[in-house]
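Engineer: pasting the sequence and the predicted model now:
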Amino acid sequence: MTRTIVVTGANGFVGSHVVAQAAQRGMSVWAIGREREPSAGVSAHADRYFSADLADEWPVRDAVDAVVHLAGLAAVGPSFANPQRYIEINSRIMTHLGESLLESGARPRLVVVSSGAVYAPTPSGTVDETSATFASSPYVVAKLLVEQQCRYYAGRGLDVLAARPFNPVSYTHLRAHETKAN
């Protein structure tokens, strides 16, 4: 039986890679993005595409096996100019997702992608899952709030995992690429 995975923020950098990897592993991929149409890379791998503003609604009504939640406002710098927007939008998306799953009775594995930016700086520069967190920006406040919502929904019976990845593209790599291009 083919497993079905939903990827939110599918047209984004990480989302498009998750969509491709899941499809290559034989999963049926349902992609969600704000854009009216999926990007070419997503279109090539997704079985279904939902155009939706997840701050307004959760569009998936069918049972699925997993959800990888990548959607939301995701830039530290601009969060300082619009702190309430970051907190509200990211929290609303999680609320719509969680409440929809509870209402439907569906219990897919839900992987919510937070950020390594939630960790407090350390003298050594290294952190692990037990390291302290620090609300260093409105973006981080929003990520920590969504993590708390994950705990809340786990307590209500959802199968939720929050991951804290660091930036998937290193600045060293980008600088090296810029140097080669010039």
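Structural biologist: It's in.

Engineer: in the longest helix along the chain, what counts as buried?
Structural biologist: Assignment by DSSP state H gives helix 83-104 as the longest helix of the chain. Across helix 83-104, burial judged by 16 or more other CB atoms under 10 Å covers 86-87, 89-91, 93-98, 101. Where C-beta positions appear, they are placed from N, C-alpha and C, glycine not excepted.

Engineer: same check, this time on stretch 38-57
Structural biologist: Using 16+ other CB under 10 Å as the test for burial, stretch 38-57 gives 38-39, 42, 45-46, 49-50, 52, 54-55.

Engineer: circling back to that earlier point, closest to residue 67 out of the buried residues of helix 83-104?
Structural biologist: residue 97 (7.2 Å; CB to CB).

Engineer: ok, that closest one touching residue 56?
Structural biologist: No - in this structure, residue 97 is not within contact of residue 56 by CB atoms under 8 Å, at 12.0 Å.

Engineer: intersection of neighbour lists for those two?
Structural biologist: Overlap of the contact sets of residue 97 and residue 56 (by CB atoms under 8 Å, 6 or more residues apart in numbering) is empty.

Engineer: just how off-centre is stretch 139-155 within its chain?
Structural biologist: The chain centroid and the centroid of stretch 139-155 are separated by 12 Å, computed with CA atoms, centre = their mean, to the nearest Å.

Engineer: could you pull out the buried residues of it?
Structural biologist: Going by neighbour count (16+ other CB under 10 Å), the buried part of stretch 139-155 is 139-147, 149-150, 153.

Engineer: one step back: reformat the buried residues of helix 83-104 as CSV; add pLDDT and distance to residue 23.
Structural biologist: Converted to CSV, the buried residues of helix 83-104 look like this (pLDDT from 0 to 100; distance: CB to CB, whole Å):
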residue, pLDDT, distance to residue 23
86, 97, 31
87, 98, 33
89, 98, 28
90, 98, 27
91, 98, 30
93, 98, 24
94, 98, 25
95, 98, 29
96, 97, 25
97, 97, 22
98, 97, 26
101, 96, 23
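
Engineer: of those, closest to residue 116?
Structural biologist: Nearest to residue 116 out of the buried residues of helix 83-104 is residue 90 (CB to CB; 16.2 Å).

Engineer: quick one: low-confidence ranges for the protein?
Structural biologist: For the chain, the stretches flagged by pLDDT under 70 are 168-182.

Engineer: how about 80 then?
Structural biologist: 1, 167-182 (pLDDT under 80).

Engineer: noted, bye for now.
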